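**Student:** could you work out the structure for the sequence below:
(2 chains)
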Amino acid sequence: MATRLKDVDAVMVGMGWTGSILARELTKAGLSVVGLERGPDRVPGNDFVLPTIRDELRYGRRSEFIADNSIETVTFRHFPNESALPMRRWGAFSPGEGVGGAGLHWTGHHWRFLPNDFLLKSQTLARYGARAIPDYMTIEDWGVTYDELEPHFDRFDKLCGTSGKAGNLRGTLVPGGNPFEGVRSSEYPNKPLKQGHAGELFEKAANELGYHPFPLPASNASAPYLNSEGVQIGACQYCGFCTRFGCEANAKASANVCLMPVLRRDPKFELRTRAYVASLIYDKAGKKVTGVTYVDLRTGEEYEQPAGLVVLCGYVFANTQLMLLAGIGEPYDPASGKGAVGRNYCYQTQAGTDAFFEDKFFNPFMQAGGSHTGIDDFNGDNFDHAGLGFLGGGYLSCTANGMQPIGARVFPRGTPNWGAQWKRDMVKWYGRSVRFATQGCSYASRNNFLDLDPTYKDALGRPLIRMTYNDTDDAQKMSTYLLDVCRKIAEAMKPTHIQQRPRPKLFHVVPGQSTHNTGGTIMGTDPKTTVVNRYLQAWDAHNLFVMGASVFPQNAGYNPTGTVGALAYWSANAITSRYLKSPGPLV
Amino acid sequence: MADDTIPRRRFLLGASTAVAAGFTPNADAQTPAPAAAPAPSNEPVTYLTLSALEAAFLSAVADTMIPADQLSPSGTDCGVVVFIDRQLAGSFGGGAKLYRSGPFRKGKPEHGYQLPLTPREFVGAGITATNDWVRKVHGKDFHRLNPKEREDALKALEGGKAELGDFDGRQFFDALINLVMEGFLADPIYGGNRNKAAWKMIGYPGLPALYANSIDEYRHKRYLVEPQSIADFS
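**Tutor:** Numbers count the residues shown, from 1 in each chain, chains lettered A, B, ... in the order given. Purely as a prediction, here's the structure:
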């Protein structure tokens, strides 16, 4: 029997980016807030320090900051008529665990989705007609526009100290930035990161081809920055230890660096770590939740935490699992296409190209995770899709291969993987190749969804999330198109060899790809097909809000974090300015 | 297992066979300088979890994948077997952070690892299965093969052509090459990459990796320094 704890005004389920943003906004509004975090606390100055943070084996290979699969994983199958098997170890994607969540071990690529992304269905219909959308494709508008979100994108930039160059400042195109981006109300907080030689070569080649190269925006601070919370962010040291690591320079933005120092001093906020939320307590008749139950993973004791407001701030899978287990909203049924929870699970359609240069050395260890150079010419609807046979696109970018040595084994195809010749090739090619990555969008299909697995259970005995996913034909065509652009740019850089890394026809859970899973509790305007309204408020429980990429109706051709942060501020603003004054449905 | 005393002794003494010290990576080093020798050690190698037979097998694998030459000492002399032993004896080998609930079913390759074995158990089972197969073909264990035979056997494993019955040889090969390469290239605190031999070989500078003040200067020229590792700053 769960021990019932004292009521609090609000409880955060998960303490990554969105949990910390909502906790901060709600305590500022006067609420008492408890943050429940399944993993351990992670504190800059203690957990990310020299020399131990520079350990590729510990963090890069043994995944210290990645969620523990023995506690929770997902099961996977390609198609609805198959049985699913568990991912026994993360591979393709790596959800986080502990304070900071996946936003602790991210790289720092910090984007805003395009204005068109938020109006995807209506603008596609208007421009290309209904026949351009394949029968299986279930794309939607978001119910919120870029213009509505812009002030919140801006706030998140200033929380993170993002580095970049505006391309569209208050409607004026600015040379050196991304000319395709939505209108920005202000310049980036920090100048762009310094580009390496690979970026220079890419920029020259892309310019020659008539494209519009720019240094990618990144929350790796190019200079010290006092952020919007009064927290000092440090300057990037170009160490190359971003992805899967914490930042000892406090230069890579995370909840740990940017917000937790403020929350830790806040008497209205209480952090409880190793607190694994087991269920939402749902009052179906009252259309509200009354709190959550959680297990203290240190002792196994179960607690009930009553709360006036519950905010789901977990990863995509945890948010969807909690909604399905609580029976909040109708589960999605792929056979009929009816229902909402679990619908429109999407991913990121990544592929790439490697280009090898016998006569160059790129010092690959000397760069930031975010110091890529890229183009946005082939993202979203930035280019005419008439006659192409697919929708959407993605940005593509270039950086030197091999920041760390174990992962630096990238060779022209045909090179042996071991032995005397491998050693000679390792010496010959180390530091002499560049990597192009295409960050393709992932548009929803009625056959890609999340539900509860009938067989496999997590550490609390609850059904795991079952993922049914494979790339759509449309995504594969889009990816092939982007790879062709990569090849053109790579050829213009005049390398010794070029090789493509196309998408496999069947999604593979082992090779590392992208922790950009989206959907399952999507936002929108129709309560029959979406789970939360435009303010991220659950249609079926007015005091339950859902954060993160699980609310994306489909995924755009960008890394998600910038949009996740903007949506969190947008929702927090609706809660504090409207909901708290008059609790009830906001739509 | 009297047969195994010789290879065991060989890698116990292996450190003494390597060549001269003092190799610093060189910008135009297409012709590499002689490889650094590991520091001679009088301490016996005592394994935490590997049996003598397993250690002999892994030593033979490590030295076939990373043979001694001008570029570096052998895999064993770089500490790769010590590294693997410590990894398998520790939390990773014990299956930490691995989802281990059943039922266990064979999936498609796209499902990844689906066996009930921990990494420690998997490596043990793989060694047994590989030696069984090698004995059928050659009449002796893998570590008894000559260098050419070892290479051919590893290539057969890698190509999925080794007849290991129900055991997936390619999956075992992937585990082996991952462990060997990690042992060769990881920070030396884990027992491999002795003397930073692999980092010297490729010209990886290691720590502290604070480049904000040097990125402009080295945009068009190679940055080469004597590598430093975690222990150098501890």
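**Student:** ok, residue 141 - contacts?
**Tutor:** By default, I'm working from chain A. A:Phe118, A:Leu119, A:Leu120, A:Lys121, A:Ser122, A:Gly524, A:Thr525, A:Pro553 (C-beta atoms under 8 Å, 6 or more residues apart in numbering or on different chains). Glycine gets a C-beta too; all of them are placed from N, C-alpha and C.
**Student:** switch to chain B, please.
**Tutor:** B:Asp141 is in contact with B:Asp3, B:Leu53, B:Ala56, B:Phe57, B:Asn131, B:Val134, B:Arg135, counting by C-beta under 8 Å, 6+ apart.
**Student:** ok, which pair from the contacts of A:Asp141 is furthest apart?
**Tutor:** The distance between the two most remote of the contacts of A:Asp141 (C-beta to C-beta) is 13.2 Å, for A:Leu120 and A:Thr525.
**Student:** neighbour-wise, which of those two wins?
**Tutor:** Shown here are A:Leu120 and A:Thr525; by other C-beta atoms under 10 Å in any protein chain shown, A:Leu120 has more neighbours (26 against 14).
**Student:** right, and that one touches A:Gly143 too?
**Tutor:** No: applying C-beta atoms under 8 Å, one finds A:Leu120 not in contact with A:Gly143, separated by 11.6 Å.
**Student:** so what's B:Leu157 closest to, chain neighbours aside?
**Tutor:** B:Phe173 (4.2 Å; C-beta to C-beta, 6 or more residues apart in numbering or on different chains).
**Student:** that neighbour: how many residues sit nearby?
**Tutor:** B:Phe173: 23 neighbours (other C-beta under 10 Å).
**Student:** that's a helix at it, yeah?
**Tutor:** Yes: the assignment for B:Phe173 by DSSP: H, G, I helix; E, B strand; the rest coil puts it in a helix.
**Student:** if I look at it, how far off is B:Glu110?
**Tutor:** 18 Å (C-beta to C-beta, to the nearest Å).
**Student:** ok, the contacts of A:Asp141 vs chain B, which is closest?
**Tutor:** Nearest to chain B among these is A:Pro553, at 26.4 Å by C-beta to the nearest C-beta.
**Student:** so who does that closest one touch?
**Tutor:** A:Pro553 sits in contact with A:Leu120, A:Ile139, A:Glu140, A:Asp141, A:Trp142, A:Asn344, A:Ala444, A:Gly519, A:Ile522, A:Met523, A:Gly524, A:Thr530, where contact means C-beta under 8 Å, 6+ apart.
**Student:** which SSE is it in?
**Tutor:** Using DSSP states H and E, A:Pro553 sits in no helix or strand.
**Student:** which residue packs closest to it, ignoring adjacent ones?
**Tutor:** Using C-beta to C-beta, 6+ apart, the closest residue to A:Pro553 is A:Glu140 (3.9 Å).
**Student:** now name the helix or strand holding that neighbour.
**Tutor:** Counting by DSSP H and E, A:Glu140 is part of no helix or strand.
**Student:** quick one: the strands in chain B?
**Tutor:** Ranges of strands in chain B, per DSSP state E: none exist.
**Student:** buried residues in the lengthiest helix in it?
**Tutor:** Counting residues, the longest helix found in chain B (DSSP state H) is helix B:119-138. Buried residues in helix B:119-138, defined by neighbour count with 16 or more other C-beta atoms under 10 Å in any protein chain shown: B:Pro119, B:Arg120, B:Phe122, B:Val123, B:Gly124, B:Gly126, B:Ile127, B:Ala129, B:Thr130, B:Asn131, B:Trp133, B:Val134.
**Student:** same for it, what does it pack against?
**Tutor:** On a contact count with 3 or more C-beta pairs under 8 Å, 6 or more residues apart in numbering or on different chains; DSSP states H and E, helix B:119-138 meets helix B:52-65, helix B:80-89, helix B:147-158, helix B:169-185.
**Student:** now it against helix B:147-158, angle please.
**Tutor:** Orientation of helix B:119-138 against helix B:147-158 (axes from the mean of the first three to the mean of the last three C-alpha atoms, to 10 degrees) gives an angle of 120 degrees.
**Student:** CA atoms only: put helix B:119-138 into CSV for me.
**Tutor:** The C-alpha trace of helix B:119-138 is given here as CSV (Å, rounded to 0.1, in the frame of the first residue of the first chain):
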residue,chain,number,x,y,z
PRO,B,119,28.6,-10.3,-21.8
ARG,B,120,30.9,-12.4,-19.6
GLU,B,121,28.9,-15.5,-20.3
PHE,B,122,28.6,-14.7,-24.0
VAL,B,123,32.4,-14.4,-24.4
GLY,B,124,32.9,-17.6,-22.6
ALA,B,125,30.4,-19.5,-24.7
GLY,B,126,31.8,-17.9,-27.8
ILE,B,127,35.3,-19.1,-27.0
THR,B,128,34.1,-22.6,-26.4
ALA,B,129,32.1,-22.7,-29.6
THR,B,130,34.9,-21.3,-31.7
ASN,B,131,37.5,-23.7,-30.2
ASP,B,132,35.1,-26.6,-30.9
TRP,B,133,34.8,-25.5,-34.5
VAL,B,134,38.6,-24.9,-34.9
ARG,B,135,39.4,-28.3,-33.4
LYS,B,136,37.1,-30.0,-35.9
VAL,B,137,39.0,-28.3,-38.8
HIS,B,138,42.5,-28.2,-37.4
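**Student:** give me the residues contacting that helix.
**Tutor:** B:49, B:53-54, B:57-58, B:84, B:87-89, B:92-95, B:98, B:115, B:117, B:140-142, B:144-145, B:149, B:153, B:157, B:162-165, B:167, B:169, B:172, B:175-176, B:179.
**Student:** what is the rounded mean pLDDT of that helix?
**Tutor:** Throughout helix B:119-138, pLDDT has a mean value of 98.
**Student:** same thing with stretch A:281-292?
**Tutor:** 98.
**Student:** give me the buried positions along it.
**Tutor:** Neighbour-count burial for stretch A:281-292 [16+ other C-beta under 10 Å]: A:Ile281, A:Tyr282, A:Lys287, A:Lys288, A:Val289, A:Thr290, A:Gly291, A:Val292.
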